[in-house]
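>>> I need the structure of the sequence given here:
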Amino acid sequence: MTLTVSLRGTRDIRDNYQLFRLTGLLDAFSEATFRKVLDKCIEEGPKHVILDLSQIDFVDSSGLGALVQLVKKAQTFEGTLQIVSNPRVTQTVKLVRLEKFLSLQPSVEEAAKTVKET
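Below you'll find the predicted structure:
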């Protein structure tokens, strides 16, 4: 799935969650399309979402804002949104003290385990 020139990804639907693996830049340029596509996917279900951002090169404040909105959207549907991070993304998230709210996970496997516990 090509979201924008700078952001690409895949969507896999598992038993009770959706897994998105993204590469590129989550920034002001890609944020609106990214949020629109994921909003629709959350509405379609499954309600639990794992975003694998481990291959993302850059996240700016627009990207962080989109992630916060998507967490709230998932919660509206009684779901969860978890983020598999990398050091660059983690550093950006920690700068604005959102690491707990955004449910950062070290791997897709850990995130999937957390989904199964809910």
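>>> Residue 70 belongs to a helix?
Yes: counting by DSSP: H, G, I helix; E, B strand; the rest coil, residue 70 falls inside a helix.
>>> what ranges of the protein fall below the confidence cut-off?
The chain contains residues with pLDDT under 70 at 1-2, 118.
>>> Determine the longest strand present in it.
Taking DSSP state E as the criterion, the chain has its longest strand at strand 48-59.
>>> contacting residues for the residue positioned nearest the centre of the chain?
Central residue of the chain (C-alpha atoms, centre = their mean): residue 51, 3.4 Å from the mean position. The neighbours of residue 51, taking C-beta atoms under 8 Å, 6 or more residues apart in numbering as the test, are 20, 22, 67, 70, 81-84. Where you see a C-beta, it was placed from the backbone N, CA and C, and this is true even at glycine.
>>> how far away is it from residue 17?
From residue 51 across to residue 17, the span is 11 Å (C-beta to C-beta, to the nearest Å).
>>> cool, and residue 41?
For residue 41, the distance to residue 17 - C-beta to C-beta - is 11 Å.
>>> who's more crowded, the two?
Using other C-beta atoms under 10 Å as the criterion, residue 41 and residue 17 rank with residue 17 on top: 23 against 18.
>>> On the strand side of things, show who the more buried one bridges to.
residue 48 (DSSP bridges).
>>> Wait, it touches residue 113, no?
No: Residue 17 is beyond contact range of residue 113, at 11.1 Å (criterion: C-beta atoms under 8 Å).
>>> Can you give me the buried ones in stretch 82-93?
Neighbour counts over stretch 82-93 (16 or more other C-beta atoms under 10 Å) mark 82-85, 89-90, 92-93 as buried.
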